[in-house]
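> dropping a prediction and its sequence here:
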Amino acid sequence: MNRLVFDDELLDAQLLRVVGAAAFGGSDIGECLAAARQVDGLDLDSWHDAWLALAVRTRRVAEQAESNAELETARLAYLRASSYYRTAGVMLMGAPVDPRLVASNRDQTAAFRAGAALMASPPEIVELPFEDGRLPGYFFRAIQDAEPRATVILLGGYDGTAEELYLFNGAAALARGYHVLAVDGPGQGAALLQRGLTMRPNWETVVEVMVDYVCSRADVDTQRIALIGLSLGAHLAPRAASAEHRVAACVADCGGFDLFEDALSRMPPPLASGLRQRRAWARLTLRCVLSILARKPTAGWALRRGMLVHGARSPLSYIELLRAFSLAGHAEHITCPTWVCNAEEDDISASAPQLVQALTCEKTFVQFANAEGAGDHCEQGARTLYHARSFGWLDQQLAP
């Protein structure tokens with residue numbers, strides 16, 4: 001796809017991500033482009049500072065509007081500020097954790113909650129018990145009545161947050177009559193950055209507590225619960241649905257089938273084969289190569305992010321941890337109707353057809369194309385088109 005501002009693919013993708021939220025109140029395109037033009041090349045400190053400055057300015061607009069009882073202006077500005085705080089921190093992901101990343105997560109949550117409190121139907125802030133801790137998130141009601149309604153549980157990706165899930169899928173679901181649960185699971189958002197919970201492969205245990213929660217509510221129709229997984233969540237949602245059979249439908253938006261094999265596909269074949277077979281020479285070589293790569297500003301970002309999310313001590317140990325993230329042996333146990341998509345230019349979701357092939361349940365596969373402006377990862381520049389197709393299918397399954 002054509003670049004918006006940056007020659008660097010990753011930075012421009014992150015810009016498109018926040019620009020794409022404009023359709024749901026999460027950004028203003030002009031504000032985003034102006035902030036992006038303040039970034040100095042591949043200087044990630046510059047990236048953070050430019051977006052933080054925009055977040056602070058936008059939050060001040062919100063606070064002033066709220067003090068003047070201009071509540072719609074305040075609500076929208078708080079939501080944009082939340083998005084900009086998240087964008088400021090995202091490129092700092094890595095281990096050991098950068099205090100500025102923790103601060104950006106704290107501030108994006110505070111701004112979002114200030115804006116959400118001004119919604120016509122403010123969400124309930126929830127804390128779901130999980131192992132020895134609690135998972136933070138939100139329950140949004142589409143309509144404030146006692147009638148049990150179809151409900152979607154939103155699962156995010158490597159660097160997403162429960163707050164951003166509202167912009168990616170929550171607002172669209174609410175507009176179509178679904179209640180919405182959005183929660184930071186282990187390795188995500190505040191669960192990771194504020195509570196130290198790292199990623200694990202067995203997300204059926206995580207989704208179990210989410211389904212337990214929605215099933216405990218009188219306003220949820222327990223026969224009409226769906227999972228919607230985004231990015232890494234499109235791997236985690238099918239994994240969860242393979243064991244959590246209270247789910248009536250599953251949507252997987254641009255995820256990988258086998259994350260370890262996906263990582264190997266980006267390596268020279270001899271090294272990939274050696275690591276697959278746990279050869280000492282391959283591990284030694286990759287330990288050196290990956291350590292050098294991880295120090296590069298954008299080329300090494302995914303490795304640094306993965307180390308943080310998985311609690312790994314080195315880039316190689318992060319790659320090794322991905323062996324457990326495969327849907328082989330799990331996909332065939334999914335019994336609910338499942339909708340899978342990928343995007344034409346997105347190598348992250350290139351293995352999505354493997355999931356479709358492995359499914360034995362009712363299934364639908366859609367590929368989004370460059371020609372329709374939706375060829376990027378998770379259709380970041382064409383979310384309304386994505387919603388038209390995915391919710392069109394989900395409406396047929398659950399009739400909200």
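Great, that's in hand.

> from residue 97, how far out is residue 355?
Using Cβ to Cβ, to the nearest Å, we find residue 355 at a distance of 32 Å from residue 97. C-beta here means a position set from N, CA and C on the backbone, and glycine is covered the same way.

> can you check residue 115 too?
Distance, residue 115 to residue 97, by Cβ to Cβ: 26 Å.

> do residue 251 as well
Distance from residue 251 to residue 97, by Cβ to Cβ: 31 Å.

> more crowded one of these two?
residue 251 (29 against 15; other Cβ atoms under 10 Å).

> name the SS class of that one, please.
strand (DSSP: H, G, I helix; E, B strand; the rest coil).

> for it, give me its contacts.
226, 227, 228, 229, 234, 237, 338, 339, 390, 393, 394 (Cβ atoms under 8 Å, 6 or more residues apart in numbering).

> and the last one, how many residues sit next to it?
The number of residues packed near residue 394 is 26, by other Cβ under 10 Å.

> would it count as being in a strand?
No: going by three-state DSSP, the assignment for residue 394 is helix, not a strand.

> would you tell me what the next helix or strand after the longest strand seen in the chain is?
Criterion DSSP state E: the longest strand present in the chain is strand 220-230. From strand 220-230 onward toward the C-terminus, using DSSP states H and E, the following helix or strand is helix 233-241.

> my guess is residue 143 contacts residue 178, does it?
No: the pair residue 143 / residue 178 is not scored as a contact, 10.1 Å apart, by Cβ atoms under 8 Å.

> any idea how this structure splits into domains?
Split into domains by automatic domain parsing, the chain comes to 1-119, 123-258+325-400, 260-323.

> didn't residue 185 look like it was pressed against residue 204?
No: counting by Cβ under 8 Å, residue 185 does not reach residue 204; the two are 11.6 Å apart.

> of these two, which one has the most company?
Counting neighbours by other Cβ under 10 Å for residue 185 and for residue 204 shows that residue 185 has the greater number, 27 against 18.

> show the pLDDT at that one.
On the pLDDT scale, residue 185 is placed at 98.

> can you tell me the element the closest residue to it other than its chain neighbours falls in?
Distances taken as Cβ to Cβ, 6 or more residues apart in numbering put residue 206 closest to residue 185, at 4.7 Å, once the chain neighbours are dropped. Per DSSP H and E: residue 206 is located in helix 203-215.

> just the helices in the stretch 151-300 of the chain please.
Along the stretch 151-300 of the chain, counting by DSSP state H, counting those that start in this stretch, helices occupy 162-165, 171-175, 189-193, 203-215, 233-241, 259-264, 269-276, 280-294.

> out of the ones you listed, which gets nearest to residue 372?
Residue 372 sits nearest to helix 171-175 of all the helices of the stretch 151-300 of the chain, at 17.6 Å, using Cβ to Cβ.

> how far does that closest one sit from its chain's centre?
From the chain centre to the centre of helix 171-175 is a distance of 17 Å (Cα atoms, centre = their mean, to the nearest Å).

> is residue 256 in contact with residue 349, as I believe?
Yes: using Cβ under 8 Å, residue 256 makes contact with residue 349 at a distance of 6.6 Å.

> overlap in contacts, those two.
residue 234.

> measure the residue located most distally from the centre of the chain to residue 376 for me?
Residue farthest from the centre of the chain, counting by Cα atoms, centre = their mean, is residue 281 at 35.4 Å. Distance from residue 281 to residue 376, counting by Cβ to Cβ: 37 Å.

> on the three-state scheme, residue 340 is what?
Under three-state DSSP, residue 340 falls in the strand class.

> enumerate every residue touching it.
Contacts of residue 340 (Cβ under 8 Å, 6+ apart): 234, 252, 352, 355, 356, 359, 363, 364, 365, 366.

> OK, contacts around residue 393?
251, 339, 364.

> turn these into a markdown table, including distance to residue 7.
Formatted as a markdown table, the contacts of residue 393 follow (distance: Cβ to Cβ, whole Å):
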| residue | distance to residue 7 |
| --- | --- |
| 251 | 34 |
| 339 | 35 |
| 364 | 37 |
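
> low-confidence ranges in the chain?
1 (pLDDT under 70).

> do that again at 90, thanks
1-3, 144-146, 255, 399-400 (pLDDT under 90).

> which stretches in it count as strands?
124-130, 133-140, 149-155, 179-183, 220-230, 249-253, 338-343, 363-368.

> please identify the deepest-packed of those strands.
Burial of those is given as mean neighbour count (mean count of other Cβ atoms under 10 Å); strand 249-253 ranks first at a mean of 29.

> how far does that strand sit from the chain's center?
13 Å.

> quick one: that strand to strand 363-368, angle?
Between strand 249-253 and strand 363-368, the angle comes out at 30 degrees (axes from the mean of the first three to the mean of the last three Cα atoms, to 10 degrees).

> give the contact list for the nearest residue to residue 79 once chain neighbours are set aside.
The spatially closest residue to residue 79, leaving aside those adjacent along the chain, is residue 115, at 4.4 Å (Cβ to Cβ, 6+ apart). Listed by Cβ under 8 Å, 6+ apart, the contact partners of residue 115 are 62, 74, 75, 76, 77, 78, 79, 81, 82.

> tell me how far the second one lies from residue 59.
Spelled out, it's residue 74. To residue 59, residue 74 is 10 Å away according to Cβ to Cβ.

> quick one, phi/psi of residue 98?
phi -80, psi 130 (degrees, to the nearest 10).

> give me the neighbour count for it.
Around residue 98 there are 20 residues (other Cβ under 10 Å).

> the one 4 residues further on now?
Other residues near residue 102 number 16, with proximity taken as other Cβ under 10 Å.

> quick check: it vs residue 108, distance?
From residue 102 to residue 108 the distance is 11 Å (Cβ to Cβ).

> how about residue 306?
For residue 306 relative to residue 108 (Cβ to Cβ), the value is 21 Å.

> then residue 133?
20 Å.

> residue 389 too?
Taking Cβ to Cβ, one finds residue 389 at 29 Å from residue 108.

> so the two - more neighbours on which side?
Neighbours were counted for residue 389 and for residue 108 using other Cβ under 10 Å; residue 108 has more, 26 against 16.

> can I assume that one is in contact with residue 90?
No: Residue 108 is not in contact with residue 90 according to Cβ under 8 Å; the separation is 10.0 Å.
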